[in-house]
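K.L.:
Could you look at this predicted model? Sequence included:
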Amino acid sequence: MSVLAIRIEGKGMPRFTEAFQQLGTEKRAHSAYRRGVNRVGRKAFTATRRALAKQVGLSQTKTVALGNIRTTSANFQSLRFLIESTGATLSLKEFSAKQFGYGVRAKPWGRSQRFPHAFIFAGHPKSGRPVAGGHVFKRTGSSSLPIEKLWGPSIPKEIVKDESRDAFQTTARELPDRIRHEIRAMTKGAVT
């Protein structure tokens with residue numbers, strides 16, 4: 001399982017104390033922080049989902065479904081927003097795999113790649129009889145057996161690296177400004 005999280009800790013705690021003093025009650029300060037964390041968290045989820053889909057080569061809907069991606073919002077017990085992903089490495093068949101005379105072409109990681117000597121169909125490429133539900137296989141020896149299944153990216157591994165991680169971190173930097181905005185909104189502009 002991979003997790004991206006926005007949390008209030010470290011330098012955020014003195015600011016929380018300051019917000020508490022400005023808003024008058026701890027409950028109102030907590031509410032301002034919770035609203036800010038959730039707003040930035042939802043925005044970070046959207047940015048991360050877009051970047052991740054492009055990074056792995058799937059639609060956003062398919063990426064969320066196959067990666068079992070879910071979010072946990074900040075609440076009154078915890079001031080953190082989590083984006084979690086669990087799941088296995090995805091089969092190459094999920095990436096528009098098509099069989100040709102040379103093997104299979106698929107688009108994992110968002111780019112078209114050839115997989116020589118790989119196959120989807122039994123016998124001839126035009127036989128129309130997919131092996132094991134249309135997954136992509138390759139022979140490991142000189143005879144017709146044994147065969148091995150070919151794999152693409154793993155969503156839990158991809159979500160915490162490259163563009164998806166950068167998209168999350170860029171959006172998470174907006175948290176202090178968003179919390180100031182929430183405090184301003186709750187005090188009707190009295191506190192800036």
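P.N.:
In hand now; what should we look at? No experiment lies behind these values; they were computed from the predicted model shown.
K.L.:
how about the nearest residue to residue 117, chain neighbours excluded?
P.N.:
Computed as C-beta to C-beta, 6 or more residues apart in numbering, the closest residue to residue 117 that is not its neighbour in sequence is residue 103, at 5.1 Å. (Glycine included, C-beta is placed from N, CA and C.)
K.L.:
shouldn't the one you found be in contact with residue 120?
P.N.:
No - counting by C-beta atoms under 8 Å, residue 103 stays clear of residue 120, with 9.7 Å between them.
K.L.:
Looking at those two, which one has more neighbours?
P.N.:
Remark: of residue 103 and residue 120, residue 120 carries more neighbours, 23 against 17, as counted by other C-beta atoms under 10 Å.
K.L.:
Give the helix, strand or coil label for the closest residue to that one other than its chain neighbours.
P.N.:
Closest residue in space to residue 120, ignoring its immediate chain neighbours: residue 99 at 4.4 Å, by C-beta to C-beta, 6+ apart. Three-state call for residue 99 (DSSP: H, G, I helix; E, B strand; the rest coil): strand.
K.L.:
neighbours around residue 99, how many?
P.N.:
Residue 99 - counted by other C-beta under 10 Å - has 21 other residues nearby.
K.L.:
Report the beta-bridge partners for residue 114.
P.N.:
With DSSP bridges applied, residue 114 shows beta-bridge pairing to residue 105.
K.L.:
Run a quick neighbour tally on it.
P.N.:
Residues lying near residue 114 (other C-beta under 10 Å) number 11.
K.L.:
now the one 5 residues further on
P.N.:
The local packing count at residue 119 equals 20, with neighbours defined by other C-beta under 10 Å.
K.L.:
next one: the one 4 residues further on
P.N.:
The burial metric for residue 123, expressed as a neighbour count using other C-beta under 10 Å, is 10.
K.L.:
circling back to that earlier point, residues in contact with the residue nearest to residue 120?
P.N.:
118, 119, 120, 121, 125 (C-beta atoms under 8 Å, 6 or more residues apart in numbering).
K.L.:
and what of residue 107?
P.N.:
Contacts of residue 107 by C-beta under 8 Å, 6+ apart are 57, 95, 96, 113.
K.L.:
follow-up on the earlier one: quickly list what the residue nearest to residue 120 is bridged to.
P.N.:
Beta-bridge partners of residue 99, as defined by DSSP bridges: residue 104.
K.L.:
how far away is the residue nearest to residue 117 from residue 118?
P.N.:
From residue 103 across to residue 118, the span is 4 Å (C-beta to C-beta, to the nearest Å).
K.L.:
Domain map for the chain?
P.N.:
Residue ranges for the domains of the chain, per automatic domain parsing: 2-88+155-186, 91-153.
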